[in-house]
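Novice: Just the structure for this:
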Amino acid sequence: MSLRAPLVNEFNQQHLDYYINFRRPCFFPETRIDNEGKQRMIYRHDNMMTPYENLKSLPSGQDHLKAGVSFEILEKLAHQISDNQEADQLLFMDGL
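Specialist: Numbering: from 1, shown residues only. Model prediction:
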């Protein structure tokens with residue numbers, strides 16, 4: 001087992017997961033049925049958002065949160081620092 005595995009896990013939990021969920025935009029596909037009856041995934045620019053924004057957009061989004069966690073709490077967490085500040089922190093951590 002690698003001696004660095006705990007460090008990588010700590011980095012992921014404290015920095016990378018936060019960056020991916022609150023900062024990094026992703027395409028969320030729409031499923032369409034074509035004329036032949038096949039499902040096609042359509043990646044529209046309008047559907048590009050962070051995983052957190054996508055969760056908020058779901059009608060039952062609140063139901064997917066852990067007990068004691070609310071969108072109000074997550075909003076405060078998401079707006080503590082700017083996107084650029086978060087990216088700078090990741091770059092700094094990468095050099096360690």
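Novice: mind checking the backbone torsions on the residue located most distally from the centre of the chain?
Specialist: What lies farthest from the middle of the chain is E36; by C-alpha atoms, centre = their mean that is 34.2 Å. Here is the backbone geometry of E36 (degrees, to the nearest 10): phi -90, psi 0.
Novice: Can you give me the distance of it to H79?
Specialist: Distance check for E36 against H79: by C-beta to C-beta, to the nearest Å, it reads 46 Å. Yep, even glycine has a C-beta here, placed from its N, CA and C like the rest.
Novice: ok, residues contacting the top helix by length along the chain?
Specialist: Counting by DSSP state H, the longest helix found in the chain is helix 83-94. With C-beta atoms under 8 Å, 6 or more residues apart in numbering as the test, helix 83-94 has contacts from 11, 15-16, 18-19, 22-23, 81.
Novice: Go through those and flag which are in helices.
Specialist: 11, 18-19, 22.
Novice: Name the residues of the longest helix of the chain that are buried.
Specialist: E86 (16 or more other C-beta atoms under 10 Å).
Novice: Now do it: distance to the chain's middle.
Specialist: Relative to the chain's own centre, helix 83-94 is displaced by 16 Å; criterion: C-alpha atoms, centre = their mean, to the nearest Å.
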